[in-house]
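Novice: Would you be able to build a 3D model of this:
(chains A and B)
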Amino acid sequence: MSNLEGENVKVMRAKAVLLALVLLLLLWQVLAWIVNLAILPSPWEVGQTLIRELGRDLPGHFLASFWRVFASTLLAILFASPLGLMLGQSKPLNRFFAPVIYLLYPIPKVVLLPIVVLFLGIGDVSKIFMIFLILFFQILVLVRDQAATLRPELIQSVRSLGAGRRALFRYVYFPASIPAILTALRQSVGTAVAVLYVAELFATQKGLGYYIYLKGSNLFDYPAMYAGVVAMSVLGFGLYFVVDWLERKLCPWQFAR
Amino acid sequence: MIQVRNLTFEYTTDQPVFHDFNWSINKGEAWTILGPSGCGKSTLLYLIAGLRQSLSGEILVDGEQLIRPRPQSGLIIQDYGLLPWATVRDNVRLGLDIRRFYGPDGKHAPFEGKVSDADVTFWLEKLGLKEQAEKFSGQISGGQRQRCAIARTLVLQPDLLLMDEPFSSLDAPTRESLQNLMIELWQQHNLTMITVTHLIEEAAILGQKILLLNEPPNLTANVIENTSFDKPDIRSDPEYLHLCQILREKMSK
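Specialist: Numbering: from 1, shown residues only, chains lettered A, B, ... in the order given. Sure, this is the predicted structure:
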């Protein structure tokens, strides 16, 4: 693909996404007109509230939520990817751990939240740990499977060029795990934000989950509640967008035709 | 150049692939190892590459006992062994990067090496990959991928080139042009070359001498001299065709 073509595809994609956004906002507006209730304010009203709230405490809550997702993502990558690489390349090790992962992987981690809170308290740590759990297993499994697809012939041929353990890690295992990590993040960043929302409903004073709950159920300030929902969506979408961008930046061969 | 002495190797106990096997080859020779699948021909090549260890006996390459891959040996495999995330140029440069990564330690890289990025460009051009240099390996044809693997190996200036079924998955015209190219490179660069193949024609084209292996265990080296080697228009030469016939008969025994 030439650069010019690539740029054109990018512009077209951006246009399509923008159009979809406008359509969704229109649909919302129409629904708000039809329903005509305080619990469904129009996008215009919510937009104005959002701008007003941005001057108040919304950014603080946003940053608190963002920090929790960011920290847990970083920790999950740091712990899960080396482990995944090890399991993917060592059959005996994988034979030993595979049943354990098989049992733990499908558990909806969010049900562990009350237990995590009991052990780690109501602060940031319990929330970061919750999201960490979700991302950890996703990255672990995908990196493991990716590492297992690296054929022994490829490893042998790179070894024949002089690579020992360290060079293999640097030139083969490390670059091979990046797409797996990004795929894992793309698949689970939505779940992570959803679980974060639930986690922030628990005895806390910071975060978008708390903000949405406070505005809606306690203060009956519905436009502000909707502004919180929009902020949380922006957080989810923003993270997804970053992962998407990183994938294109770091794994260009996957898009090359 | 290579001495295989009393080599014994087995995957499962009591079923040796090689037992007390002796074989030697001289510097600058072009050898092929021919045999049916499961005869141990690839195993022998990987033993010489230092990527497998024998049960007993020893392999000497250039007078030194082999305990790990030698930096001066190059290996080319059937499915190319290219990194999918690296461009053709970066794949060709991989050996250089690895050598820079370790420095000239004599173990992973030779003590004296004067390979530079200019050599990478030289080999890309020599093997007709200049246009493909910035493409990823998934974007080029099988023949181009194998050219890339050849460039990657030869840029490190090996004295011994080992090839494991290098052209078996390519179509006939591509295979023949690469076979011709290898003969050319072998002559130009004073290589010692060993090619493992299950194709009778390939064995007769790439080998001055042919080591014929059969059902294991292999106890003695069965060597056939190839008098038609390196003749012009070898593929229609009567001597070559006769050799192919002999090899065919020996293999079906």
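Novice: now residue B:209, which residues is it bridged with?
Specialist: When assigned by DSSP bridges, residue B:209 has beta-bridge partners residue B:31, residue B:225.
Novice: what's near enough to touch it?
Specialist: B:25, B:29-32, B:223-226 (CB atoms under 8 Å, 6 or more residues apart in numbering or on different chains). Heads up, the C-betas are built off the backbone N, CA and C, glycines and all.
Novice: Could you do residue A:53 as well?
Specialist: Residue A:53 is in contact with A:224, A:227, counting by CB under 8 Å, 6+ apart.
Novice: Can you name the helix or strand that the residue in chain A positioned nearest to chain B falls in?
Specialist: Nearest residue of chain A to chain B (CB to the nearest CB) works out as residue A:157 at 3.0 Å. In the assignment (DSSP states H and E), residue A:157 maps to helix A:152-160.
Novice: what's downstream of that helix, the next helix or strand?
Specialist: helix A:165-168.
Novice: what sits up against that following helix?
Specialist: Residues from elsewhere that reach helix A:165-168 (CB under 8 Å, 6+ apart): A:155, A:158-159, B:98, B:101-102, B:108.
Novice: Mind doing that once more with 7 Å?
Specialist: Residues outside helix A:165-168 that contact it (CB atoms under 7 Å, 6 or more residues apart in numbering or on different chains): A:155, A:158, B:98, B:101-102.
Novice: buried set for it?
Specialist: Neighbour counts using 16 or more other CB atoms under 10 Å in any protein chain shown place A:167-168 of helix A:165-168 among the buried residues.
Novice: after it, next one along is what?
Specialist: helix A:174-200.
Novice: Pull out the buried positions in that following helix.
Specialist: For helix A:174-200, by 16+ other CB under 10 Å, it's A:175-186, A:188-189, A:191-197, A:199-200.
Novice: Now do the helix or strand just after that helix: distance to the chain's middle.
Specialist: Sequence order places helix A:208-213 as the next helix or strand after helix A:174-200, per DSSP H and E. Helix A:208-213 sits 19 Å away from the centroid of its parent chain (CA atoms, centre = their mean, to the nearest Å).
Novice: so for helix A:208-213, what's the average pLDDT?
Specialist: Average pLDDT, helix A:208-213: 93.
Novice: Same question for stretch B:80-90.
Specialist: 94.
Novice: what's the top helix by length along chain B in contact with?
Specialist: Looking across chain B with DSSP state H, the single longest helix is helix B:172-188. Residues from elsewhere that reach helix B:172-188 (CB under 7 Å, 6+ apart): B:30, B:142-143, B:146, B:154, B:167, B:170, B:191, B:193, B:202, B:205-206, B:230.
Novice: wait, what's in contact with the closest residue to chain A within chain B?
Specialist: Closest approach between chain B and chain A, counting by CB to the nearest CB: residue B:81, at 3.0 Å. Applying CB under 7 Å, 6+ apart to residue B:81 gives the contacts A:153-154, A:157-158, B:149.
Novice: For the contacts of helix B:172-188, please prepare CSV with the additional fields neighbour count.
Specialist: Below are the contacts of helix B:172-188 laid out as CSV (neighbours: other CB atoms under 10 Å in any protein chain shown):
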residue, neighbour count
B:30, 23
B:142, 15
B:143, 17
B:146, 26
B:154, 23
B:167, 25
B:170, 19
B:191, 21
B:193, 24
B:202, 22
B:205, 28
B:206, 26
B:230, 13
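Novice: Tell me the one among those nearest to residue A:246.
Specialist: Proximity of the contacts of helix B:172-188 to residue A:246 was ranked by CB to CB; the top entry is residue B:142 with 31.2 Å.
Novice: if we can go back for a sec, reduced to three states, what does the residue of chain B closest to chain A come out as?
Specialist: The three-state label given to residue B:81 by DSSP: H, G, I helix; E, B strand; the rest coil is coil.
Novice: Then residue B:60?
Specialist: Residue B:60 ends up strand, using three-state DSSP.
Novice: Could you count how many residues lie near it?
Specialist: Each residue near residue B:60 was counted by other CB atoms under 10 Å in any protein chain shown, and the total is 14.
Novice: what's it in contact with, if anything?
Specialist: B:2-3.
Novice: so residue B:144 makes contact with residue B:132?
Specialist: Yes. Here residue B:144 lies in contact with residue B:132, judged by CB atoms under 7 Å, at a distance of 5.8 Å.
Novice: Residue B:193 is in what secondary structure piece?
Specialist: Here residue B:193 is assigned to strand B:192-197, by DSSP H and E.
Novice: Can you check what angle separates that strand from helix B:172-188?
Specialist: 160 degrees (axes from the mean of the first three to the mean of the last three CA atoms, to 10 degrees).
Novice: Please name the strands paired to strand B:192-197 in the sheet, noting orientation.
Specialist: Applying DSSP bridges, one finds strand B:192-197 paired with strand B:30-34 (parallel), strand B:160-164 (parallel).
Novice: can you put those strands in a markdown table and add mean pLDDT and distance to residue B:63?
Specialist: Below are the strands paired with strand B:192-197 laid out as a markdown table (pLDDT from 0 to 100; distance: least, CB to CB, whole Å):
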| stretch | mean pLDDT | distance to residue B:63 |
| --- | --- | --- |
| strand B:30-34 | 96 | 18 |
| strand B:160-164 | 95 | 13 |
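Novice: Serialize those strands to TSV and add fields for distance to residue B:21.
Specialist: Formatted as TSV, the strands paired with strand B:192-197 follow (distance: least, CB to CB, whole Å):
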stretch	distance to residue B:21
strand B:30-34	12
strand B:160-164	17
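Novice: closest to residue A:10 out of those strands?
Specialist: Nearest to residue A:10, of the strands paired with strand B:192-197 and by CB to CB, is strand B:160-164 at 42.5 Å.
Novice: Which residues outside the closest one are in contact with it?
Specialist: Applying CB under 7 Å, 6+ apart, the contact partners of strand B:160-164 are B:1, B:42, B:45, B:48-49, B:61, B:72-78, B:153, B:191-196.
Novice: got it, and stretch A:7-25?
Specialist: Contacts of stretch A:7-25 (CB under 7 Å, 6+ apart): residue A:43.
Novice: Can you list the residue ranges for helices in the chain?
Specialist: Just so you know, I chose chain A. Using DSSP H, the helices assigned to chain A run over residues A:3-35, A:43-54, A:58-89, A:91-104, A:113-120, A:124-149, A:152-160, A:165-168, A:174-200, A:208-213, A:222-250.
Novice: try chain B instead
Specialist: Counting by DSSP H, chain B has helices at residues B:41-48, B:88-102, B:117-126, B:142-154, B:172-188, B:200-206, B:238-251.
Novice: Out of those helices, which is closest to residue A:214?
Specialist: Closest among the helices of chain B, using CB to CB: helix B:88-102, at 53.0 Å.
Novice: tell me the angle of the closest one relative to helix B:117-126?
Specialist: 150 degrees.
Novice: For helix B:88-102, which residues meet the burial criterion?
Specialist: Residues B:88-96, B:98-99, B:101-102 are the ones in helix B:88-102 that count as buried (16+ other CB under 10 Å).
Novice: residues near residue B:227, how many?
Specialist: By the criterion of other CB under 10 Å, residue B:227 has 12 neighbours.
Novice: was I right about it contacting residue B:239?
Specialist: Yes. With contact defined as CB under 7 Å, residue B:227 reaches residue B:239; the gap is 5.8 Å.
Novice: What about residue A:20, how many residues nearby?
Specialist: Neighbour count of residue A:20, defined by other CB under 10 Å: 10.
Novice: Ignore what I typed, I meant residue A:71.
Specialist: 17.
Novice: Now do the contacts for it.
Specialist: Contact analysis of residue A:71 by CB under 7 Å, 6+ apart lists residue A:128.
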